[in-house]
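Visitor: just the structure for this:
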Amino acid sequence: MKKLLTFTLLFFSISLCFAQSHPPLERIISVKISNERLDNTLKIISNAGGFSFSYNPDAVNIEKRVSINAQNQSVREVLSDIFGNSLTFKNRGNYVILNKISEEPQKDFFVMGYVSDGETGLKIEKASIYEPITLASAVSNQYGFYRLKLPKDLNKINLLVRKQSYRDERILLGNKQDKVLNIKLLSIKPIPSIDSKIRLISFKIDSLPNKKLDSLPVIQPITAKIERIEPKDSVIIEAQKFDYREQWQLTKEKLLSTQDRFLDWLITTKQNIHLDNIQDTIYRPVQISFLPFIGTNHYLSGNVINNFSFNILGGYSLGVRTLEVGGFLNIVRGKVNGIQGSGFANVVGQDVKGIQVAGFGNLVGRNVHGIQAAGFGNLNFGSSGGVQAAGFGNAVLRNFSGIQAASFGNLIGQDMKNSLQVAGFGNTLIGNGTGVQVAGFGNIIGKDFKGIQVAGTLNIVGGTMNGLQVSVLNYAQNIRNSYQIGVFNFAGESTNSIPIGLLSFVGKGGYKRLEMSADEVNWFNLTFKTGVKQFYNILTGGYNFGFADKPNFSLGYGLGTAWKLNRTFWVNFDLVSSHIQQNNIEWNLNQLSKASLGLEIHATRHLALFVAPTLNFLASSESSIDLGKVNNWKFYEKQGYYFGERASLISWVGIQGGIRLF
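Guide: Now for the predicted structure:
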């Protein structure tokens, strides 16, 4: 008996706690009342639900007799059956307050009730109920209850009910009075998937070859020698290769996720529920809003396309067809055709065709065709064609065709076609491109490019370059039919291209020579030539090992070009200017300029001999300089001012010869 009493008390406590967790009107009760006074009926209901009623006895006819049989219904439903539309009731703490409906004429009326599953009877939360003319809407709460306010001046009222995974429902309202309307929705049955069955193939025993077991070949067992692998002290760790394309894809996914979170933060939970449930598109000529959820589109703004949209602070809609103006922010879930202007930002989920102007930035989820102008930046997740201008930067994550101009930088995520990029700092193109890039610091292209690159410091093309590069440093993986003009030029491969600069290096298709030679000035010269055969750079140095009547050493730089006569013979024309150091103490003017026309004879695949007559001009401020037998080959000597100093100019014809490695 004690155990039964303990269980009863425990069950009662649990039931009471569960009841207290629900608002009084949503508590489920079961009552059976027959011809009871109204005041006694309310006491029975309040005891069953564990709450109290609050009402004015003068407003309620307590003498009224009530008969009702309710099984597992909410208190709200029971009270609706008793009072109909004569009273209103609402929760306040653990009380249910009953009020008499005013008899004065009202402009609006209310439709309320529960949304439930038509098969199971379970209440459905987050269902959307709306009227498409006035855009009045409601969302069922966690108990399935909704309350919708509608104007009485509507001629015809159709309520639309939408919920994910349920069939759409349309309800025509007759009289325009407060009413309880319970709605049942039928779920959409999923299409059953067809599972593929695996059929076993069986063979009859008598279908096998008629052979005796001893006639079958003997299967020899396979043996393998297992060797023990001794642990080693050294561990080889293979470094992972960096794939910029994979990193770029991850970056784009993070940007898209950030955009979704930004939109979710700006709109209300009720709007998000409507967006999940309602797939209908509603058209309105004009809308005016104060905030994204306060305006003439109400909470259905995410499903409405307007011709004209005016937002005092911010607005939110499905689309704009002609014009949208916002004091601070414009948000469009779908497309914009026309003009969109905002004091701070424009955010569009899909495409834009027209003009976007924002004080801070424009953000577009897909494609843009037109003009974008922003004080800070423009970011498009799709392709763009037209003009982008920004105070800081522009970014298009897919293809672009048009003009990009920014004080800091421009970014294109895929390809660029016939476009112009101008940036104060840099331009970046991940894919292929054609057009012109101009930047204060640098231009970077991930793949192939055809056009012109001009930068203050750096130009890089990761694929094939076809056109012109002008910068301090130019690099292209493969350069074809192009020119590189800079201080330093580098290319992995060159075809019919010319790098012009202080130092150029080309891999495949380039011109490279390491030369060891002697002439009438130096017994030994070491020279390196790099570039292409049409135009190469020359770095040279000479040394005389302390011989008399010879300078100590020389350092020089020059330019040259080469012609290939056949597989064996080449011709070179070089211009080199070198400083000749007579002693190790003073650095005086001794500048030797040399022009040579030589013949290169290929002895093997990587070895050649050469000989070249030279024409020399030496400007020297040292009267005591002695070049030995050079004095015998002089054809001109004159005093004057050369290189800004009083010096002698000596000219002679010489000769140079040696070997070249390549």
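Visitor: only C-alpha atoms for contact and neighbour calcs from this point on.
Guide: OK.
Visitor: adjacent strands (with direction) for the helix or strand hosting S648?
Guide: S648 belongs to strand 645-661 when assigned by DSSP states H and E. Strand 645-661 has its sheet partners listed here by DSSP bridges as strand 511-519 (antiparallel), strand 607-620 (antiparallel), strand 634-642 (antiparallel).
Visitor: may I have that strand as CSV, with CA atoms only?
Guide: Taking Å, rounded to 0.1, in the frame of the first residue of the first chain, the C-alpha atoms of strand 645-661 are listed here in CSV:
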residue,chain,number,x,y,z
GLU,A,645,86.0,64.2,-66.3
ARG,A,646,89.1,65.3,-68.1
ALA,A,647,90.4,62.1,-69.8
SER,A,648,92.1,60.6,-72.8
LEU,A,649,90.1,58.7,-75.4
ILE,A,650,92.0,55.8,-77.0
SER,A,651,90.7,53.7,-79.8
TRP,A,652,92.1,50.5,-81.2
VAL,A,653,91.2,47.3,-83.1
GLY,A,654,91.6,44.1,-81.1
ILE,A,655,90.7,40.4,-81.0
GLN,A,656,89.1,38.1,-78.6
GLY,A,657,88.8,34.3,-78.5
GLY,A,658,87.9,31.4,-76.3
ILE,A,659,85.4,28.6,-75.5
ARG,A,660,81.7,28.7,-74.6
LEU,A,661,79.7,26.2,-72.6
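Visitor: give the rounded mean pLDDT of it.
Guide: In this model, strand 645-661 carries a mean pLDDT of 90.
Visitor: with mean neighbour count, mean pLDDT and distance to A562 added, can I get the strands paired with strand 645-661 in TSV?
Guide: Below are the strands paired with strand 645-661 laid out as TSV (neighbours: other C-alpha atoms under 10 Å; pLDDT from 0 to 100; distance: least, C-alpha to C-alpha, whole Å):
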stretch	mean neighbour count	mean pLDDT	distance to A562
strand 511-519	19	94	9
strand 607-620	20	93	13
strand 634-642	13	84	28
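Visitor: of all these, which lies closest to Y166?
Guide: Of all the strands paired with strand 645-661, it is strand 511-519 that lies closest to Y166, at 74.0 Å by C-alpha to C-alpha.
Visitor: after the closest one, which helix or strand is next?
Guide: Taking DSSP H and E, what comes next after strand 511-519 is strand 524-532.
Visitor: name the helices or strands packed onto that next one?
Guide: Counting contacts by 3 or more C-alpha pairs under 8 Å, 6 or more residues apart in numbering; DSSP states H and E, strand 524-532 is packed against strand 498-508, strand 511-519, strand 535-543.
Visitor: can you list the strands that that strand pairs with?
Guide: Looking at strand 524-532 with DSSP bridges, its partner strands are strand 511-519 (antiparallel), strand 535-543 (antiparallel).
Visitor: between strand 498-508 and the last one, find me the angle.
Guide: This means strand 535-543. 80 degrees (axes from the mean of the first three to the mean of the last three C-alpha atoms, to 10 degrees).
Visitor: ok, residues contacting strand 535-543?
Guide: For strand 535-543, the external contacting residues (C-alpha atoms under 8 Å, 6 or more residues apart in numbering) are 498-504, 511, 522-531, 551-562, 576.
Visitor: buried ones among these?
Guide: Neighbour counting over these (16 or more other C-alpha atoms under 10 Å) leaves 498-504, 511, 522, 524-531, 551-562, 576 as the buried ones.
Visitor: okay then, goodbye and thanks.
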